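Visitor: A predicted structure for the sequence below; I have some questions about it.
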Amino acid sequence: MELHGALVASPGMGHFVPILELGKHLLNHHGFDRITVFLVTDDVPRSKSLLGKSLTEAGPKFVIRFIPLDVSGQDLSGSLLTKLAEMMRMALPNIRSAIMGLEPRPRVFVVDLLGTEALAVAKELEIMRKHVLVTTSAWFLAFTVYMASLDKGILFKHLSSIGALPIPGCSPVKFDKVQDPSKYIRELAESKRIGAEVITADGVFVNTWHSLEPTTIGSFLDPENLGRVMRGVPVYPVGPLVRTAEPGLTHGVLDWLDLQPNDSVVYVSFGSGGALTAEQTNELAYGLELTGHRFIWVVRPPAEDDPSASMFDKTKNETETLEFLPNGFLNRTKDIGLVVRTWAPQEEILAHESIGAFVTHCGWNSVLESIVNGVPMVAWPLYSEQKMNAWMVSEELKIASRLNVADGIVKKEEIVEMVKKVMDQENGNNIRKNAKELMKTAEEALKKTHIPSAYFIQN
Ligand SMILES: O=c1ccn([C@@H]2O[C@H](COP(=O)(O)OP(=O)(O)O[C@H]3O[C@H](CO)[C@@H](O)[C@H](O)[C@H]3O)[C@@H](O)[C@H]2O)c(=O)[nH]1
């Protein structure tokens, strides 16, 4: 019987990229005859344009379909997590009918962490094996499932005081002091629901590998620690699931990079959704200018009240004026800097030998793309779980410097200091060395398959 897998990704490039990569991995290494990937989106043309080269990889055995969502008139207020969880809830009937229409019937189902409600749909449709793909760290998975196992009162106690949530067998998660915990009720409820649904899966795939998160992965394997919280549901590190740079891609940014010395350029980008306030955008511009280093900056129009504003922003495009940048900035930096509007070919940029550092919001895909290319980072977390990722790359892995984002605006002086910490010959030596070492472990992990070979064939 043909082995067919159905994979579903929640909206956003941060979820599309790893689910597509997992799909290719299953097809190439796990005996699948066919993979169908469903990408949930409220804007098919925009998703198609951002995915670009990934769509050209589709074929009869690797089918990519969109599940379009009409969100007009819907209340999608709240954090990005609650917005995306709500969108995935709205998409459930469409996911159900899309899967029902598949021939042959899929025997394996995978959905990302934001779409765990679809596990019940897969169960109802009697799909044999149901899985969750965690598109971020094992540590975040640990946090989510452990939090779900805790009483609400204990959680609120942690949120309201400066402190940390100790997680069995791995690093505690530190919280910022929260003025008004009631604001987080919806987000907490969604997180707890997700954590509880994860353990209804037959297995969990995580976009990580052993050398990246040895302690957390070890805790999942330990029945006394997170193994207990998972109640026997196996966790497989399957990373790094990253897109590879397209050889020979032509792009103005790459032409410019070709002209720069090795390791000399600072790449600045805040993922698919990141946006800064007008004041912060100015401070970053002055900071970059003051470092004196060459740079590529993927610039977005400022947003005052939502650091993830660019995620669903369809009004801004490549022709947007850059008048929000400081007076004369473009002219003063024209010989050392390149400003790119909205979107850049990130994998190709990070793979370029001229790149010396990556100022990143620490979206997990950006972190992994930096690691597989041995590029050290300057961590500038904005929303979601990015503060955890930033802490991990700076404090634990020591492949990044980290900006202090807790006190409001990050000042230009701090930006200069943190960029220099990575870029300067002497200062940055250790960080750069660590990044190269970790890159080697990513290369090793890429050569291996981490799910037992008979896993999908049984039954
Ligand atoms: O100009 C750009 C900007 C982004 N990208 C790509 O888009 C993806 C962005 O993914 P990521 O770095 O993870 O950022 P987000 O899109 O912000 O990711 C969301 O999903 C991640 C995985 O779950 C989480 O870690 C983040 O917090 C969440 O914001 C990456 O593959 C980038 O290479 C480009 O190609 N060009």
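Guide: Cool, got the structure. Residues are numbered from 1 along each chain as shown.

Visitor: For the rest of this, base every contact and every neighbour count on C-alpha atoms.
Guide: Fine.

Visitor: His15 touches Thr135, doesn't it?
Guide: Yes - using C-alpha atoms under 8 Å, His15 is in contact with Thr135, at 6.3 Å.

Visitor: who's more crowded, those two?
Guide: Thr135 (27 against 24; other C-alpha atoms under 10 Å).

Visitor: Grab the nearest non-local neighbour of the more buried one.
Guide: Asn207 (5.5 Å; C-alpha to C-alpha, 6 or more residues apart in numbering).

Visitor: can you check Ala445 too?
Guide: Trp209 (6.5 Å).

Visitor: wait, what's in contact with Val359?
Guide: Val266, Tyr267, Val268, Ser269, Met377, Val378, Ala379, Trp380, Val419 (C-alpha atoms under 8 Å, 6 or more residues apart in numbering).

Visitor: ugh, wrong one, Ser354
Guide: Here Ser354 is in contact with Leu257, Asp258, Gln260, Pro261, Asn262, Asp263, Ser264, Val265 (C-alpha under 8 Å, 6+ apart).

Visitor: change it to 7 Å
Guide: By C-alpha atoms under 7 Å, 6 or more residues apart in numbering, Ser354 lies in contact with Leu257, Gln260, Pro261, Asn262, Asp263, Ser264, Val265.

Visitor: Could you list the low-confidence segments of the stretch 151-300 of the chain?
Guide: 159, 161-162, 177-181 (pLDDT under 70).

Visitor: Within range of the ligand, give me the residues from it.
Guide: Gly271, Ser272, Gly273 (C-alpha under 6 Å from any ligand atom).

Visitor: Using TSV, lay out those residues together with neighbour count and secondary structure.
Guide: TSV is the format used below for those (neighbours: other C-alpha atoms under 10 Å; DSSP: H, G, I helix; E, B strand; the rest coil):
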residue	neighbour count	secondary structure
Gly271	24	coil
Ser272	20	coil
Gly273	23	coil
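
Visitor: Report pLDDT for Ser54.
Guide: pLDDT for Ser54: 88.

Visitor: okay but Phe38 is in contact with Phe66, surely?
Guide: Yes - in terms of C-alpha atoms under 7 Å, Phe38 counts as a neighbour of Phe66; the distance is 5.5 Å.

Visitor: what residues do those two have in common as contacts?
Guide: In contact with both Phe38 and Phe66: no residue, using C-alpha under 7 Å, 6+ apart.

Visitor: Distance from the chain centre to stretch 70-81, please.
Guide: Computed by C-alpha atoms, centre = their mean, to the nearest Å, the chain-centroid distance of stretch 70-81 equals 20 Å.

Visitor: got a list of contacts for it?
Guide: Asp42, Lys83, Glu187.

Visitor: Just the C-alpha atoms of stretch 343-353, please, in PDB.
Guide: Coordinates of each C-alpha in stretch 343-353 appear next as PDB, following Å, rounded to 0.1, in the frame of the first residue of the first chain:
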ATOM      1  CA  TRP A 343      12.300  40.900   2.200                       C
ATOM      2  CA  ALA A 344      15.800  39.500   1.300                       C
ATOM      3  CA  PRO A 345      17.100  36.100   0.200                       C
ATOM      4  CA  GLN A 346      18.200  35.200   3.700                       C
ATOM      5  CA  GLU A 347      19.600  31.700   3.200                       C
ATOM      6  CA  GLU A 348      21.800  32.900   0.400                       C
ATOM      7  CA  ILE A 349      22.900  36.000   2.400                       C
ATOM      8  CA  LEU A 350      23.800  33.900   5.500                       C
ATOM      9  CA  ALA A 351      25.700  31.400   3.300                       C
ATOM     10  CA  HIS A 352      27.800  34.200   1.700                       C
ATOM     11  CA  GLU A 353      31.400  34.400   2.900                       C
END
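
Visitor: mean confidence score for it?
Guide: 96.

Visitor: For it, which outside residues touch it?
Guide: Under C-alpha under 7 Å, 6+ apart, the answer for stretch 343-353 is Arg243, Thr244, Ala245, Glu246, Leu254, Asn262, Asp263, Val298, Glu369, Ser370, Asn373.

Visitor: count of neighbours near the first one?
Guide: To tie it back to what came earlier, the one meant is Arg243. So Arg243, with other C-alpha under 10 Å, has 17 neighbours.

Visitor: again, but for the last one
Guide: Close neighbours of Asn373, defined as other C-alpha under 10 Å, add up to 24.

Visitor: In this structure it contacts Met439, no?
Guide: Yes - contact criterion C-alpha under 7 Å: Asn373 and Met439 qualify, at 6.3 Å.

Visitor: out of Phe38 and Phe66, which sits in the busier spot?
Guide: With neighbours defined as other C-alpha under 10 Å, Phe38 and Phe66 compare such that Phe38 has more, 24 against 18.

Visitor: Let me see the contact set for the more buried one.
Guide: Leu7, Val8, Ala9, Ile64, Arg65, Phe66, Ile67.

Visitor: Same check on Asn389?
Guide: Cys362.

Visitor: That one: which element?
Guide: Per DSSP states H and E: Asn389 is located in helix 386-391.

Visitor: Likewise for Val359?
Guide: Judged by DSSP H and E, Val359 forms part of strand 355-360.

Visitor: Most neighbours among the contacts of Ser354, which one?
Guide: Neighbour-wise, these (other C-alpha under 10 Å) top out at Val265, 24 neighbours.

Visitor: correct me, but it touches Leu338?
Guide: No - Val265 is beyond contact range of Leu338, at 10.0 Å (criterion: C-alpha under 7 Å).

Visitor: that older thread, would you write a ChimeraX line that selects the buried entries of the contacts of stretch 70-81?
Guide: Provided next is the ChimeraX selection string for whichever of the contacts of stretch 70-81 are buried by 16 or more other C-alpha atoms under 10 Å:
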select :42,187
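
Visitor: what's the closest of the contacts of stretch 70-81 to Pro237?
Guide: Glu187 (26.2 Å; C-alpha to C-alpha).

Visitor: about what we covered before: okay, now the residue nearest to Ala445: neighbour count?
Guide: 23.

Visitor: same check, this time on Trp343
Guide: 17.

Visitor: Dihedrals phi and psi, it?
Guide: Here is the backbone geometry of Trp343 (degrees, to the nearest 10): phi -150, psi 140.

Visitor: what comes into contact with stretch 443-457?
Guide: Residues beyond stretch 443-457 that count as contacts (C-alpha under 7 Å, 6+ apart) turn out to be His30, Trp209, Tyr236, Pro237, Val238, Pro240.

Visitor: got the end-to-end distance for stretch 240-248?
Guide: End-to-end distance for stretch 240-248: 23 Å, by C-alpha to C-alpha, to the nearest Å.

Visitor: mind listing what's buried in that stretch?
Guide: Pro240, Leu241, Val242, Arg243, Ala245.

Visitor: quick one, strands of the stretch 1-150 of the chain?
Guide: 4-9, 34-41, 62-68, 108-112, 129-134 (DSSP state E, counting those that start in this stretch).
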